[in-house]
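Peer 1: how would this look folded up:
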Amino acid sequence: MVVQPKLSKRAKLAIAGAAAALLAAAGIAWLLASPSIDRTKQANAHRSAAQEAAFIRREKHRLEADQRLHRAKASRAGEPRAALVADLQDAITADARARVRAGTFQGPIPRTACQAITFGPLRPNAARGGYQCVAVNADIPKGVEVGGLLGYPFWAIVNYRHGTFAWCKINPKPGEMATQTHEPVVDPPAGCNLHI
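Peer 2: Residues are numbered from 1 along each chain as shown. Take a look at the predicted model:
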């Protein structure tokens, strides 16, 4: 049987004093470190916010350049509506191919397909009409018929009376299943905006 020696009153007081001193030192260290930790967290938050704001500014500028407005006129005066739309499609195809050469689109771009919109104030009338277009990158086959198109989306407005048209590439909002990003979606210019 082992008998533990009893501590004297003085030894017990010394141990209690040392423990109290350690606790006090730990408390003082925490108090000194706490403002430093808060300052570091605050500095990191400010730096993160500044980086995000800079990213958003860069992306907004990039999207505005990507969606810039283009204008053109009919290849011949007095063209009928179908010929004007064909000229529009040719102009968008040329624009998309230039973007392939610049490295911002992937080719090939064999053609552009445009469809008149069926809603809103830009639904085609005697004066003008709005069109949703795709600079086609590939066809999606469905049996022997074309099942769909893959490509780059454009919006366009054709003025039938003046024989002119304007178009711009659009960057649509990602779908519900798309990855969430901070990238802003910039409205296209008024000259080609189908939602005005």
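Peer 1: got the buried residues for the one helix or strand L149 maps to?
Peer 2: In this structure, L149 is located in strand 145-159 according to DSSP states H and E. Neighbour-count burial for strand 145-159, counted by 16 or more other C-beta atoms under 10 Å, picks out 151-152, 154-158. C-beta here means a position set from N, CA and C on the backbone, and glycine is covered the same way.
Peer 1: among these, which one sits closest to A98?
Peer 2: Distance to A98 across the buried residues of strand 145-159 (C-beta to C-beta) is lowest for Y152, with 12.1 Å.
Peer 1: can you classify the closest residue to the closest one other than its chain neighbours by secondary structure?
Peer 2: In space, and not counting its chain neighbours, Y152 is closest to A135: 4.5 Å by C-beta to C-beta, 6 or more residues apart in numbering. Each residue gets one of three states, and A135 gets strand by DSSP: H, G, I helix; E, B strand; the rest coil.
Peer 1: counting neighbours, what do you get for A135?
Peer 2: When neighbours are defined as other C-beta atoms under 10 Å, A135 has 25 of them.
Peer 1: specify the beta-bridge partners of it.
Peer 2: A135 has the following beta-bridge partners by DSSP bridges: T112, Y152.
Peer 1: equivalent analysis for the one 5 residues further on, please.
Peer 2: Each beta-bridge partner of I140 is listed here, defined by DSSP bridges: G148.
Peer 1: these two touch, right, it and L150?
Peer 2: Yes: under the contact definition of C-beta atoms under 8 Å, I140 touches L150, with a separation of 6.3 Å.
Peer 1: how far away from the center of its chain is the helix ranked longest in the chain?
Peer 2: The helix of greatest length in the chain, counted in residues with DSSP state H as the criterion, is given as helix 9-66. For helix 9-66, the gap between its own C-alpha mean and the chain's C-alpha mean amounts to 33 Å (C-alpha atoms, centre = their mean, to the nearest Å).
Peer 1: ok, back up a step: and the helix or strand following the strand holding L149, what does it pack onto?
Peer 2: Under the assignment DSSP H and E, the closest C-terminal helix or strand after strand 145-159 is strand 164-169. Strand 164-169 sits against strand 70-73, helix 81-102, strand 145-159, with contacts defined as 3 or more C-beta pairs under 8 Å, 6 or more residues apart in numbering; DSSP states H and E.
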